[in-house]
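>>> Build me a model from this:
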Amino acid sequence: MIQEIVLYLSPQEASNDQSIRSHIAMEIGCRTNEIAGYTILKKSIDARRRNVKIRLKLKAFIGEEAITAESFLPRVQNVQHKEPVLIAGAGPAGLFAALKLIEKGYKPLILERGKDVRSRRRDLAQLNRTGIVHPDSNYCFGEGGAGTYSDGKLYTRSHKRGDIQEILQWFIYFGASENIAYEAHPHIGTNKLPKIISAMSDCIHACGGEVHFETKITDLLISNSAITGVKTTQGKIEGKHLILATGHSARDIFELLEQKGISIEPKPFALGVRIEHPQSLIDTIQYSCQVRDPYLPPASYSIVSQQLGKGVFSFCMCPGGIIAPASTAPGELVVNGWSPSRRNNPYANSGTVVTVDEKDFQAEGCTGVLAAMRYQQIVERRAFEAGGGNLVAPAQRLTDFVAGKISQSLPDCSYVPSLRPAYLHEVLPKPVHDALQKAIVDFGKKMKGYYTHEAVMVATESRTSTPVRIPRDKFTLQHPQIKGLYPCGEGAGYAGGIVSAAMDGQRCAIAIAQNASHIP
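Predicted coordinates for the structure are as follows:
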C-alpha cells in the first residue's frame, strides 16, 4: 500500500527518521516495522502558533518495497560538430539554455564578459577590501551570473512544477543537496554554488560546447534583419542564433540595442534599501520565542504594504546573511544580500523596496526607452556620493529614518566596506523615501519588534530587476525585428531569479529547435 499523508511534527521530531516512522505508523494505523520507507514530497515551517511545527507531506510505503525516485539522467551528447548557437551570458539563463541545446543536438557557444568563478572570487575579495569595482568581474558579472555570489535562492512564483523540478534535478546532479527538491524555499548558499556552476561549465565543455570568459560583446552583426554573428573583445564570431541572456545589469547591451534601432522598452521596477536586523530578533518575532529551537533554521520574513499609491515590499530576504556591494561601475553604489548554506551569520537582511514607474522616471528628468535605467543610475550615484567613496554606504538607523534625523551612531553591520551616517532622503527620490517612511511604521505593526533602533537601513537596493524589457514574439521567442535574436532571462524582462531565468533559458533553446524544424 502506498499512501500520501501530511504530518505536523516538532522541529526535533522532523529531523529524526525513527520519529517520522512512528508518526507515519500512528497516522495510518500500522506497525513501524511494516513501513518499508517514505519519500518527502514537501517540507515547510508552520509558525502560526507559539509551538512551531514542521509540515511534512510525504509518500509512505506500507508492506511493500519502497520506490525511490528515479535518478536524474541528463540526455547529453557530443555536439562538437553540430550547428552552433551563440549565448550571451553565463548566468542561469545562459547555462541552462546551453544544457538544453546539447540535448537538442546544437553546439552552445557561451560568451561571458566576466571571469570564471575562481578568478571572480579574487576580484570580489578586492572589491570588498579596496572598494575598487572591476566593471566586468563583480557580483553581477562572471560565470554563474548574479546568483553565484549572491545567495543561491531557488524559489520562484512560477507554477510550472515539472519545469521547476527539472531545474532542481540538474542542480542536484551537479552537486546540490537533495533536500532542495522538497524544501518549500530551497537554498544552495553562496559557499556551495560556485562549485556547482563550475561543474555545469565542465559538462558543457565535455559535450563539445564552449564557454569563453572575458569575451564581451561589442556589436551585433545583422544582415537582412537577421543575426549573422557578433563582434567581441576577442574578435568576430559567426552564428545565426543568439540567445541574449546578459542579466539585469548589462547597461552597455541596452545602449547598443538603442543605438542600432532595435526595439526595447522602459520597464517599471522597484528601488529602495537593504534593512538589516540581528537574526536573533527576527527569530524571536517569527518563532515567538526567546531562543530559537536548534532544530529550526534562522527565521525569514516576507512583508508588504501599500503606501501613497505605491507598493512597498521585502525582497530577497537573507536570514543569517551578509550585505554585499553589488556595483558594476565606478562612482555608483549598489547593495545586495546573500547567505551561506548554513545561514549562520548573526544578521538578517532584506531588500525593502518601492515600485517605481514612468512618472518617477520623468520626475528625475529621465525619458525615452532607457528612462528607467538612467533613473537607476542617478540614485546609485547619489548613494556613492553620500557614502563618500570606496563603496562606503550611506545608512540610517530604522527609527532615525522615520524620524528624519541623522544617526549619531550606527549598529554593527555585515557590510564589509563600512557604513557612513547620512540623510537617506538626500539619496532616495522623494516618492520612494516617503513611501518607505510610512511602510516601516506599518511593518512594525505587522511584525512586533521589527521597528527598532537596532536595525539599520543601507542604500541603495536598486537592481531588483531589469529596467528594460526586450520584446519577443510569444510563439517563436525571437525579437520581432531581428530573426535569430532571442531575448532571454532577467535582463530581457522574462524572469526574476535563478530558477525562472534557468527555465526561460530552456524555453529559448527549445524554441530554436522548434523554429528550425518549421523552416521548409
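
>>> okay, and for this protein, where does confidence drop off?
For the chain, the stretches flagged by pLDDT under 70 are 68-70, 150-152, 156-162, 518-520.

>>> give me that answer again for 90
Within the chain, the stretches with pLDDT under 90 are 1, 48-50, 63-75, 146-164, 184-187, 189-192, 340-342, 496-497, 516-520.

>>> Mind naming the longest helix for it?
Of all the segments of type helix in the chain, defined by DSSP state H, the longest one is helix 498-517.

>>> Return the set of buried residues in it.
Residues of helix 498-517 classed as buried: 498-512, 515 (neighbour count, 16 or more other CB atoms under 10 Å). Placement of C-beta: from N, CA and C, glycine included.

>>> Repeat that for stretch 221-235.
Neighbour-count burial for stretch 221-235 flags 222, 227, 229-230, 232 (criterion: 16+ other CB under 10 Å).

>>> Export these as JSON lines, with columns for distance to P186 and secondary structure.
Output for the buried residues of stretch 221-235, formatted as JSON lines (distance: CB to CB, whole Å; DSSP: H, G, I helix; E, B strand; the rest coil):
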{"residue": "I222", "distance to P186": "40", "secondary structure": "strand"}
{"residue": "I227", "distance to P186": "36", "secondary structure": "strand"}
{"residue": "G229", "distance to P186": "38", "secondary structure": "strand"}
{"residue": "V230", "distance to P186": "35", "secondary structure": "strand"}
{"residue": "T232", "distance to P186": "35", "secondary structure": "strand"}
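
>>> Contacts only, for L168.
For L168, the contacting residues are 154, 176, 180-181, 186, 499, by CB atoms under 8 Å, 6 or more residues apart in numbering.

>>> which among these gets closest to R343?
P186 (12.8 Å; CB to CB).

>>> Just the terminal-to-terminal distance for stretch 135-153.
25 Å (CA to CA, to the nearest Å).

>>> that older thread, turn the buried residues of stretch 221-235 into CSV, columns for distance to R420.
Below are these laid out as CSV (distance: CB to CB, whole Å):
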residue, distance to R420
I222, 47
I227, 46
G229, 47
V230, 42
T232, 39
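
>>> residue boundaries of the strands in the stretch 251-400 of the chain?
265-266, 269-278, 304-307, 310-318, 322-325, 335-338, 347-356, 393-397 (DSSP state E, counting those that start in this stretch).

>>> and the ones you listed as a markdown table, adding mean neighbour count and distance to D123?
As requested, those are exported to a markdown table (neighbours: other CB atoms under 10 Å; distance: least, CB to CB, whole Å):
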| stretch | mean neighbour count | distance to D123 |
| --- | --- | --- |
| strand 265-266 | 16 | 31 |
| strand 269-278 | 25 | 22 |
| strand 304-307 | 16 | 36 |
| strand 310-318 | 21 | 22 |
| strand 322-325 | 25 | 12 |
| strand 335-338 | 27 | 16 |
| strand 347-356 | 26 | 23 |
| strand 393-397 | 27 | 19 |
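
>>> F254 is nearest to which of those strands?
That would be strand 265-266 among the strands of the stretch 251-400 of the chain, by CB to CB, at 10.1 Å.

>>> partners of that closest one, with directions?
strand 468-469 (antiparallel) (DSSP bridges).

>>> what's the partner strand in contact with?
Against strand 468-469 from outside (CB under 8 Å, 6+ apart): 254, 264-267, 369-370, 372-373, 492-493.

>>> Of those residues, which is the most crowded?
Within the contacts of strand 468-469, neighbour counts (other CB atoms under 10 Å) peak at A492, which reaches 32 neighbours.

>>> Report the contact partners of that one.
Residues near A492 by CB under 8 Å, 6+ apart: 244-245, 466, 469-470, 472.

>>> Helix, strand, or coil at the closest residue to I253 other than its chain neighbours?
Leaving aside its sequence neighbours, I253 sits nearest to T246 (CB to CB, 6 or more residues apart in numbering; 4.9 Å). Secondary structure state of T246, per DSSP: H, G, I helix; E, B strand; the rest coil, is coil.

>>> Number of residues surrounding T246?
The number of residues packed near T246 is 32, by other CB under 10 Å.

>>> can you check A403 too?
Neighbours of A403 under the rule other CB under 10 Å: 12.

>>> Need phi/psi at it.
The phi/psi pair for A403 (degrees, to the nearest 10) reads phi -80, psi -10.

>>> Tell me the spacing between it and P431.
Going from A403 to P431 by CB to CB, to the nearest Å gives 19 Å.

>>> Then P480?
Counting by CB to CB, the gap from P480 to P431 is 33 Å.

>>> So which of those two has more stuff around it?
Neighbour totals were compared for P480 and P431, and P431 leads with 19 against 12 (other CB under 10 Å).

>>> other SSEs contacting whichever strand or helix holds that one?
When elements are assigned from DSSP states H and E, P431 belongs to helix 430-446. Contacts defined by 3 or more CB pairs under 8 Å, 6 or more residues apart in numbering; DSSP states H and E place helix 430-446 against strand 269-278, strand 304-307, strand 310-318, strand 347-356, helix 358-363, helix 398-403.

>>> Show me which residues of the last one are buried.
For helix 398-403, burial by neighbour count (16+ other CB under 10 Å) applies to 398-402.
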